[in-house]
Structure formats: structure tokens, C-alpha cells
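Q: need a structure here:
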Amino acid sequence: MPRDGEARARTFYVDALGLVEVPKPEALAGRGGCWFELGTTRVHLGVEDDFRPARKAHPALLVDGLDAFVTARGLAFTWADDVPDVVHGYVDDPFGNRIELVDAGAARPADSGASGAA
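A: All right, here's what the predicted structure looks like:
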């Protein structure tokens with residue numbers, strides 16, 4: 001994430017995606033950035049002075065009831081149909097990083113190659 005983007009990160013990752021911000025370890029706090037989690041999902045955003053968004057590489061997050069989740073939060077979401085038997089799509093964080101959201105109820109089991117976090 002770019003320098004001084006913490007407030008925008010909190011708005012997206014906490015308010016829109018429903019993750020919880022957790023304190024960074026004291027030794028890392030001075031570097032800027034934010035850490036978020038929910039259950040076993042962990043998202044760590046670090047600051048880069050020459051930041052460029054990740055448009056191809058991305059995390060995939062499992063979501064219960066993806067359609068309702070996206071609708072309730074008013075996310076600018078793009079549905080995808082490129083992976084058989086997986087209901088998913090993409091949203092951009094406030095810095096232009098691509099985030100994949102996968103419907104947990106329609107996702108393939110982890111041993112069949114699906115990516116994501118619970």
C-alpha cells in the first residue's frame with residue numbers, strides 16, 4: 001500500500017470486507033501499514049514508497065453467501081465464470097490491488113486446487 005494509506009485500508013478491509021484490525025508487533029509498527037484478520041484469515045499490508053498495485057497476483061478469500069455479502073456491502077464487484085464449479089469474482093482494494101472473493105458454499109474442496117482463506 002502507499003504511504004499514509006492506513007485510513008483508506010481500514011475503511012475497505014474493516015468496513016467493507018468485515019475483517020478486524022489487529023495491532024502490528026511493536027518492532028514493525030513504525031514501518032506503517034495495517035494488519036487485519038478474521039478467523040484463520042490474515043491480511044498484512046505493508047508500505048512501499050514506490051507502490052504499484054497487484055493487478056494479477058492476488059489473495060482469494062472465502063465468503064459465506066457471496067452474492068448477499070457483495071450486495072449488502074455495495075462492493076464494485078466483477079463476477080467471473082472462468083473456473084468451473086467455483087462461484088467467485090473480483091474487487092479492488094482502495095489502492096488498486098485485486099482481491100478475489102470465493103463463495104464458500106460453492107467452492108471446490110481445498111484438495112482439488114481451489115485457493116483461498118477461511
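
Q: dump the residue contacts of the residue most central in space within the chain.
A: By CA atoms, centre = their mean, the chain has its centre lying nearest to Ile99, at 4.8 Å. Contact analysis of Ile99 by CB atoms under 8 Å, 6 or more residues apart in numbering lists Leu17, His58, Pro59, Leu61, Tyr90, Val91, Asp92, Asp93. In this view, the C-beta of every residue, glycine as well, is placed from N, C-alpha and C.

Q: To which secondary structure element is the closest residue to it other than its chain neighbours assigned?
A: Leaving aside its sequence neighbours, Ile99 sits nearest to Val91 (CB to CB, 6 or more residues apart in numbering; 5.2 Å). If you go by DSSP states H and E, Val91 is part of strand 88-92.

Q: per-residue confidence averaged over that strand?
A: Across strand 88-92, the average pLDDT comes to 97.

Q: Just checking: what are the partner strands of that strand?
A: strand 78-80 (antiparallel), strand 98-103 (antiparallel) (DSSP bridges).

Q: Run through who's touching that strand.
A: So strand 88-92 is in contact with 53, 58, 60, 66, 70, 75-80, 98-103, 107, going by CB under 8 Å, 6+ apart.

Q: And the buried ones among those residues, selectable in PyMOL?
A: Per 16 or more other CB atoms under 10 Å, the buried members of these correspond to this PyMOL selection:
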select buried, resi 58+60+66+70+75+77+98+99+100+101+102+103+107
